[in-house]
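In: Below: sequence and its predicted model.
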Amino acid sequence: MINLLTRTRDILVRWWRDFTLQTRLLAGATLVVSLLMSGLTFWAVNSIQQDARLNDTRFGRDLGLLLSANVAPLVYEGDREELARFSYSFYQSTSSVRYMLYADEEGSIYFGIPYSDDSVQNSLTIRRRMQLPEDYAKNANLPFVRQHLSPAGQVTDVFVPIKYDGQYLGALALGINPNPTVVASSNLTRDVTVAVFVSIWAMVILGAVFNALTITQPIKELLTGVKNIAAGNFKQRINLPFGGELGELIYSFNDMAERLERYEEQNIEELTAEKAKLETLVSTIADGAILLDTNMHVVLVNPAARRIFGWEGRDLSDTTVLQHFPNAVRVQLTRPLFLATAGESEGIELRIVLTEPTSRTIRVLLNTVLDQSRENVKGIALTVQDVTREVALNEAKSQFISNVSHELRTPLFNIKSFIETLHEYGDELSQEERTEFLETTNHETDRLTRLVNDVLDLSRLESNRRYQFGEIDIAQPIEQTLRAYQLNAKDKQITLHHNIEPDLPPVQGNYDLLLQVFGNLVGNSLKFTEASGKVMVRAYRLPHQNHPDSLDEFIRVEISDTGIGIASEDQEAIFDRFFRVENRVHTLEGTGLGLSIVKNIVEKHSSRVHLVSEVGIGTTFWFDLAVFQPEKPKIIMLSAADETNKPNSDKLLSASGNTDN
């Protein structure tokens, strides 16, 4: 039984849930109206019944007083036969009286209609008493009226005291039937009200069923279809056999869904094409680009960012991007990312030094992606720039300025010191001392001039100045350089000679620049070679297998000496600006820019300068120059950016030591 009630309740709940809001409101309104009308009807019936009971009470009281006044003498005289006759006559003359009872002073019933004392005594062994309220005899001036419900209907009980000449003789009890016309009218009204109430709800239920079968079901189908369309399912269709306005609505819905489906397919193609263009554009930019959603999951990352953070071949969509960043990046980006997703920060710039996967310095630009109203955060864009070279260039610039300042300060200080001494104490100095001071000042001036010239040469090589590269006989700058240093070699007792292969073809280059290269290299060799040493300049044609990846022919130039050599630990920094080995070489004069100039000029000739050196044995510098091709004239623009385009196929053997020039 309990399961049946539960199942019935579930069915009713589902049935009620299926109704639309309008249907529920209609049912509720109908219930309220029907209850209100029924309540008013029952209130009216109850009012009628109350009036009827009041009339019955008044009628019973009047009838009781009248009957009591008529029977009081008979009761006083004890003439019960006349009392019975009169009572029967009165009882039969009206249908309003249901019973009549006579009781003595003690409340014992001695006569009654429709039964009498004799019949009671003959059929029962008990005596009946009339239960009256306490002290009724004392206050028995007015009738006592009450009503009770019996199996035959409502009865009005009237208790009237019987008095004669002021003497209390007992009580008369009358049972008054209700007015049959009023009762019939009340019952009819109640029955009609119940019938109307049931009819209204029967009509409501039938209307709800009809509504569910003819209107609600199609509307539900339309609602489901609209939800699917809103969710992006444009393949939704409704197939219901309805005509009229509802059928027209279904047809219009299907037509709309079909148009949206075609429009979506067209938009998807366009969006796919635009997305492919965007991804291609993002993948080709040199800076790293990362796009995140509001949950900090990776939406898009280009190859540059993968290379910077070592994400090649890694799936980044499973967790937040913070778990994939290196520790240094995670520490500095965690708080800015959370602030950006919360909309509390629109952009920030950070510079981070990485030690993994490789050592580099990066600049991270963080910007929030907002919606059209610029109120809600839709994502986060990270731009990652590798500024390692920029940092290195800034450091090199600072170091260059520091070195130049240091190198300029020493000769300027010496010049100023000697000139001040000559100016203040010139008369007190001897001729030999004045001559020595002037020679020292002149020597420091020459040193300062060489430094300024070297700086200007290096600056000119790294500027945008255009140089004409053409056909050059390599023997000419070599011989001119050797003639220039021949006297210097004789003074130091150093053998200076050359070995140039006969019939060498001309090379592609700039005569003045190559002359400066030979001058710096030969000058360094003479400076760091002791007496009785040798300096050799060689030039010869290279076999083609030395450059298998090139179709050009090359001439190799070597400058060798038997000088003090360069330690292996100093060879990597030998071509740096102002670099000089901190040993006895440092006592020799020089600017430390000669080999930097050589390296720069050789790289402008699309080559590299190499060295092989051993301490105490000597040093050999060598580089290759391409043979001149008449059909390929070459113009080189010298700029600082060219240094980044140097070839990296061969391993450069760097050196230091005899670097001062």
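Out: Received, thanks.

In: Okay, and Ala340 sits in which element?
Out: Element membership for Ala340, per DSSP states H and E: helix 327-341.

In: In the stretch 351-500 of the chain, mark out all the strands, start to finish.
Out: 360-370, 377-386, 466-472, 495-500 (DSSP state E, counting those that start in this stretch).

In: go on, the stretch 201-350 of the chain?
Out: 288-292, 298-301, 347-354.

In: And the shortest one, what does it pack against?
Out: Secondary-structure packing of strand 298-301 (3 or more C-beta pairs under 8 Å, 6 or more residues apart in numbering; DSSP states H and E): strand 288-292. Backbone N, C-alpha and C define where each C-beta goes, glycine included.

In: Same question for the last one.
Out: For strand 347-354, the helices and strands in contact under the criterion 3+ C-beta pairs under 8 Å, 6+ apart are helix 327-341, strand 360-370.

In: so how far is stretch 92-103 off the chain centroid?
Out: Counting by C-alpha atoms, centre = their mean, to the nearest Å, stretch 92-103 is centred 94 Å from the centre of its parent chain.

In: Name the residues of that stretch that are buried.
Out: Buried residues in stretch 92-103, defined by neighbour count with 16 or more other C-beta atoms under 10 Å: 96-103.

In: and if you look at stretch 342-355?
Out: Buried residues in stretch 342-355, counted by 16+ other C-beta under 10 Å: 345, 348, 352, 354.

In: what's around the closest residue in space to the last one that isn't next to it in sequence, how many residues?
Out: If I follow you right, that is Leu354. Setting aside the residues directly before and after it, Leu354 is nearest to Arg360 in space (C-beta to C-beta, 6 or more residues apart in numbering), at 5.2 Å. Close neighbours of Arg360, defined as other C-beta atoms under 10 Å, add up to 16.

In: What of Arg330?
Out: Neighbour count of Arg330, defined by other C-beta under 10 Å: 14.

In: residue contacts, Asp561?
Out: Residues in contact with Asp561 (C-beta atoms under 8 Å, 6 or more residues apart in numbering) are 525-526, 528-529, 533-536, 618-620, 658.

In: at 10 Å what do you get?
Out: With contact taken as C-beta atoms under 10 Å, 6 or more residues apart in numbering, Asp561 is in contact with 494, 496, 521-522, 524-529, 533-537, 613, 617-621, 658.

In: Keep only those of these that are in helices.
Out: The helices, defined by DSSP state H, take in 521-522, 524-527 from the contacts of Asp561.

In: Save these as TSV, and put in neighbour count, pLDDT and distance to Ser199 too.
Out: Below are the ones in helices among the contacts of Asp561 laid out as TSV (neighbours: other C-beta atoms under 10 Å; pLDDT from 0 to 100; distance: C-beta to C-beta, whole Å):
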residue	neighbour count	pLDDT	distance to Ser199
Leu521	29	89	122
Val522	24	89	127
Asn524	26	84	123
Ser525	28	88	127
Leu526	20	87	131
Lys527	20	85	127
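
In: Distance of the closest residue to Phe437 other than its chain neighbours relative to Leu448?
Out: The shortest distance from Phe437 to any non-neighbouring residue, by C-beta to C-beta, 6+ apart, is to Phe418 (4.5 Å). Counting by C-beta to C-beta, to the nearest Å, the gap from Phe418 to Leu448 is 13 Å.

In: Report the outermost residue of this structure with respect to its centre.
Out: Residue farthest from the centre of the chain, counting by C-alpha atoms, centre = their mean, is Glu77 at 111.7 Å.

In: re the thing from before, generate a PyMOL selection restricted to the buried subset of the contacts of Asp561.
Out: Typed into PyMOL, the line below selects the buried ones among these, using 16+ other C-beta under 10 Å:
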select buried, resi 494+496+521+522+524+525+526+527+528+529+533+534+535+536+537+613+618+619+620+621+658
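
In: any chance of the helices and strands packed on strand 347-354 in TSV, plus distance to Arg58 and mean pLDDT?
Out: Below are the helices and strands packed on strand 347-354 laid out as TSV (distance: least, C-beta to C-beta, whole Å; pLDDT from 0 to 100):
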stretch	distance to Arg58	mean pLDDT
helix 327-341	87	85
strand 360-370	88	85
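
In: out of those, which comes closest to Leu249?
Out: Closest to Leu249 of the helices and strands packed on strand 347-354 is strand 360-370 (C-beta to C-beta; 39.8 Å).

In: Now do the residue farthest from the centre of the chain against Val71, distance only.
Out: Noted for Glu77: a distance of 11 Å to Val71, by C-beta to C-beta.

In: which residues do those two both contact?
Out: With C-beta under 10 Å, 6+ apart, Glu77 and Val71 have common neighbours 83, 164.

In: now the stretch 1-150 of the chain, which segments are flagged as low pLDDT?
Out: 1, 12, 14-24, 49, 115-140 (pLDDT under 70).

In: Pick the one among the ones in helices among the contacts of Asp561 closest to Leu271.
Out: Distances from Leu271 to the ones in helices among the contacts of Asp561, taken by C-beta to C-beta, are shortest for Leu521, at 63.1 Å.

In: OK, contacts around the residue nearest to Phe437?
Out: 434, 436-442, 444.

In: at 8 Å instead, please
Out: Contacts of Phe418 by C-beta under 8 Å, 6+ apart are 437-438, 440-441, 444.

In: Mind putting those residues into a markdown table with pLDDT and distance to His423?
Out: Listed next are those as a markdown table, based on pLDDT from 0 to 100; distance: C-beta to C-beta, whole Å:
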| residue | pLDDT | distance to His423 |
| --- | --- | --- |
| Phe437 | 79 | 11 |
| Leu438 | 84 | 12 |
| Thr440 | 80 | 15 |
| Thr441 | 81 | 12 |
| Glu444 | 74 | 16 |
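
In: Derive a PyMOL selection command for the buried subset of the residues you listed.
Out: If you want just the buried ones from the contacts of Phe418 in PyMOL, going by 16+ other C-beta under 10 Å, the selection is:
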select buried, resi 437+441+444
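
In: Val387: which of the contacts of Phe418 is nearest?
Out: For these, the minimum distance to Val387 (C-beta to C-beta) is 40.4 Å, reached by Glu444.

In: The closest one contacts Ile415, correct?
Out: Yes - using C-beta atoms under 8 Å, Glu444 is in contact with Ile415, at 4.9 Å.

In: Can you give me the neighbour number for Arg80?
Out: When neighbours are counted by other C-beta under 10 Å, Arg80 registers 16.

In: just checking, what packs against the helix or strand where Val158 lies?
Out: In the assignment (DSSP H and E), Val158 maps to strand 153-164. When contacts are defined as 3+ C-beta pairs under 8 Å, 6+ apart, strand 153-164 packs onto helix 21-77, strand 144-150, strand 167-176.
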